[in-house]
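Visitor: let's see this in three dimensions:
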Amino acid sequence: MKRMHRTTRGFTLLELMISMSLGLVLLGAALTMFRQSVNATWTTSQKSEMQQDFRAASNLLQRDISMAGAGALGQQGLAGNSVGLPVSATLPVYPCSASTCNYVNGAPVAYPTVTGAPYLYSIIPGYNLGITVNAAEGATDIISISYADANLALNCYNVTVVSATQVTFQLPTTLPSTCVMPPGVTTPPLLNAAGVGLQAGDYILFNTTAAGVVTNITVGTPTAGNTAAFNVFFASGDPGHINQPTVTTGSLKQLPLGLSATLSAVRLMLITYYLDISPIDGVTPRLMRIQSGRNPSPVAENVTHLKFSYDVDNNGVVTANQTSMPAGTYPNNINKVNILHMTIRNQMKGTTGYQGLDLQTSVSARNLSMGQEYPISGSSY
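Guide: All right, here's what the predicted structure looks like:
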């Protein structure tokens, strides 16, 4: 019987090389698609985080600007250097915490002055006072806003001026007609209540004539007809030089001693926005917010530019987009804040550079430019 032999033929070297080449091409295409997918995912996540930070920062900034002047006058004289005052009077500065005022470019900023007297305005421009992040764009701006804090009903308390450095607040059993509290609140908060009470560094405005910065608060003994008493101290030596008990203008020294039925008080929110460099890496720029005498808080990282201009109303004549006050006008003439640039970039640099967003909008200073349009209790104000 004759056996049949079958010969099995393998791949040739050429066929193997072609197969390997095709496999490498397909693998390279797959890797390219994978890399593009990863880059797209990274870009999307970075953009989403940037947009979220941008939205939160811009909302907070615009909200504070829109509140400028609420519940208070557009200007408040402060104790300090002015015509006729002693040389010992010191020009007050901002923004300050309980320990220092050196937050903007490593130095404090002086309040605007009129004929040498310092004033706290509802809007205080700060053109070119901030840091420089990008040399081509130049120095950044800062901005300060002040308005009354409606969460602490100081107008429900009886006010007794003990001295130029101490005021006693007593909560009466029968609340006065001037006691106005936020909606839903029926009992005035105690001045030592956590979270909403007075703290060291808070600005207190008395009868729109004198201002002081709280340095300490203690619980006192209420007199007849009162349910609680608090001793609030305004000692000299605060970092911002607001408390100057020997100066008779803009300080508590000008207030009448004793209990006064016409004396009222309100806590002011003095808020400053500025850019600084994160101390964590010494590189990342960030938007900061400092409130009264509290420590500054970061609002958003990677904010690289901040610029403002202002519309100024001088007796009905509006001059738009001013970066400094026109002659004969002051910050209380501002009726609109223009955010020229609030620029933010994503945290990490991509293959084609940084992604970025830039806010450009205007915010009406409604409390400074609008009167009451509806009568209250027969008043036509």
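Visitor: show me the helices in the chain, by range?
Guide: Listed in chain order, the helices of the chain (DSSP state H) span 13-66, 366-369.
Visitor: tell me which of those helices sits most buried.
Guide: Among those, the stretch with the highest mean neighbour count (mean count of other C-beta atoms under 10 Å) is helix 366-369, at a mean of 18. No exception for glycine: its C-beta is placed from N, CA and C like everyone else's.
Visitor: residue 71: neighbour count?
Guide: If you count neighbours by other C-beta atoms under 10 Å, residue 71 ends up with 18.
Visitor: which residues touch it?
Guide: 147, 148, 149, 150, 266 (C-beta atoms under 8 Å, 6 or more residues apart in numbering).
Visitor: of the residues you listed - the most surrounded one?
Guide: Compared across these, residue 147 has the highest neighbour count, 22 neighbours, by other C-beta under 10 Å.
Visitor: ok, it touching residue 367?
Guide: Yes. Using C-beta atoms under 8 Å as the test, residue 147 is close enough to residue 367 to be in contact (7.2 Å).
Visitor: which residues of this protein score low on pLDDT?
Guide: 1-11, 37-47, 73, 82-89, 348-354, 370-381 (pLDDT under 70).
Visitor: that older thread, export the contacts of residue 71 to JSON lines and tack on distance to residue 215?
Guide: Putting the contacts of residue 71 into JSON lines (distance: C-beta to C-beta, whole Å) gives the following:
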{"residue": "147", "distance to residue 215": "22"}
{"residue": "148", "distance to residue 215": "21"}
{"residue": "149", "distance to residue 215": "18"}
{"residue": "150", "distance to residue 215": "24"}
{"residue": "266", "distance to residue 215": "18"}
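Visitor: that older thread, nearest to residue 181, of the helices of the chain?
Guide: Smallest distance to residue 181 across the helices of the chain (C-beta to C-beta): 19.8 Å, for helix 366-369.
Visitor: quick one: list the elements packing against that closest one.
Guide: Here helix 366-369 touches strand 334-345, going by 3 or more C-beta pairs under 8 Å, 6 or more residues apart in numbering; DSSP states H and E.
Visitor: so what strands line up beside the strand it packs on?
Guide: Using DSSP bridges, the strands paired with strand 334-345 are strand 303-314 (antiparallel), strand 356-364 (antiparallel).
Visitor: so that strand versus helix 13-66, what angle?
Guide: With axes from the mean of the first three to the mean of the last three C-alpha atoms, to 10 degrees applied, the angle from strand 334-345 to helix 13-66 works out at 160 degrees.
Visitor: go through strand 334-345 and flag the buried ones.
Guide: When neighbours are counted by 16 or more other C-beta atoms under 10 Å, the buried residues of strand 334-345 are found to be 334, 335, 336, 337, 338, 339, 340, 342, 343, 344, 345.
Visitor: which two among the residues you listed are spaced furthest apart?
Guide: Using C-beta to C-beta, the buried residues of strand 334-345 reach their maximum pairwise distance at 335 and 345, which is 32.1 Å.
Visitor: burial of residue 232, as a residue count?
Guide: 24.
Visitor: bridged to it, which residues?
Guide: residue 167, residue 217.
Visitor: no further queries at this time; thank you.
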